[in-house]
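In: Sequence below, structure please.
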Amino acid sequence: MLIVETIGRIRREHFVKGKTIKEIARDLGISRNTVRKALRSEATSFAYERDNQPFPKLGHWSDKLDEFLAENEKKAQRERLTLIRIFEDLSGLGYAGGYDAVRRYARKWRSEQGAATAAAYVPLSFAPGEAYQFDWSHEIVVLDGVTTTVKVAHMRLCHSRMLFVRAYPRETQEMVFDAHQRAFTFFRGACTRGIYDNMKTAMARQSG
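Out: Residues are numbered from 1 along each chain as shown. Below you'll find the predicted structure:
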């Protein structure tokens, strides 16, 4: 699945930095057709096929990425860098691999680092319809030729890991409501409970 972060990077690399489709495909380790699809489509996610997995390309950069991820994890939630920003910082030091390799490694790293904490607060397995996870991220996108920052709502079903994402101009309680309504429509139902990462908008919703 090509996620919103990768799609945003493809569009930024092409429209803002002027990179060719061939260059972007090589940098991210994906096909040129996939790059073209991301540039032409308004979708925020779609499936694609990959001939090879880029994870091994990290090589010795995994140590530096460990350092970046650990430092980022210590920051307050709203001060943390996006994975795209971490990828760009790593690239600035000379890393020549693709973003997806960094994303896969970060997912594995977070899974390992957060295992003990997750076990204390959240069960490691969920029944169908038991729970969903909701959080926000901020992404840089190009809209009508203008680079801007948007807030992206993420809702993931804990059992199936099915994901819904939608971009908004800002993070407000009204947009939390809208994201939930659209996600439940997309999933064709609601879960018994939701898991939130201490979001102010979500906490206000629960207490109100």
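
In: just checking, residue 68 touches residue 89?
Out: Yes. Judged on Cβ atoms under 8 Å, residue 68 makes contact with residue 89 at a distance of 6.5 Å. All C-beta atoms are positioned from the backbone trio N, CA, C, and that covers glycine.

In: Who has more neighbours out of these two?
Out: In this view residue 68 and residue 89 are compared by other Cβ atoms under 10 Å, and residue 68 has more residues nearby, 20 against 15.

In: now the more buried one: how far from residue 109?
Out: Separation of residue 68 from residue 109 (Cβ to Cβ, to the nearest Å): 10 Å.

In: what's the answer for residue 149, then?
Out: Per Cβ to Cβ, residue 149 is found 25 Å from residue 109.

In: and the chain, what are its domains?
Out: According to automatic domain parsing, the chain is divided into the following domains: 4-119, 131-207.

In: Can you say which of those domains is nearest to residue 125?
Out: domain 131-207 (8.2 Å; Cβ to Cβ).

In: Mind checking the pLDDT average for the closest one?
Out: Regarding domain 131-207, the rounded mean pLDDT is 85.

In: Can you show me the strands along this protein?
Out: Ranges of strands in the chain, per DSSP state E, are 131-143, 146-157, 163-168, 193-196.

In: Next, format those as CSV and append distance to residue 40.
Out: As requested, the strands of the chain are exported to CSV (distance: least, Cβ to Cβ, whole Å):
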stretch, distance to residue 40
strand 131-143, 13
strand 146-157, 18
strand 163-168, 18
strand 193-196, 35
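
In: Export those as CSV, with columns for distance to residue 23 and mean neighbour count.
Out: Below are the strands of the chain laid out as CSV (distance: least, Cβ to Cβ, whole Å; neighbours: other Cβ atoms under 10 Å):
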stretch, distance to residue 23, mean neighbour count
strand 131-143, 17, 18
strand 146-157, 19, 16
strand 163-168, 26, 18
strand 193-196, 39, 14
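
In: and residue 103, which of these is closest to it?
Out: The nearest among the strands of the chain, by Cβ to Cβ, is strand 131-143 at 12.5 Å.

In: Are there helices or strands packed against that closest one, and which ones?
Out: Strand 131-143 is packed against helix 4-11, strand 146-157, helix 173-187, strand 193-196, with contacts defined by 3 or more Cβ pairs under 8 Å, 6 or more residues apart in numbering; DSSP states H and E.

In: Contacts for it next, please.
Out: For strand 131-143, contacts defined as Cβ atoms under 8 Å, 6 or more residues apart in numbering pick out 4-5, 8, 11-12, 15-16, 82, 84, 147-159, 167, 171, 179-180, 183, 191-197, 199, 202.
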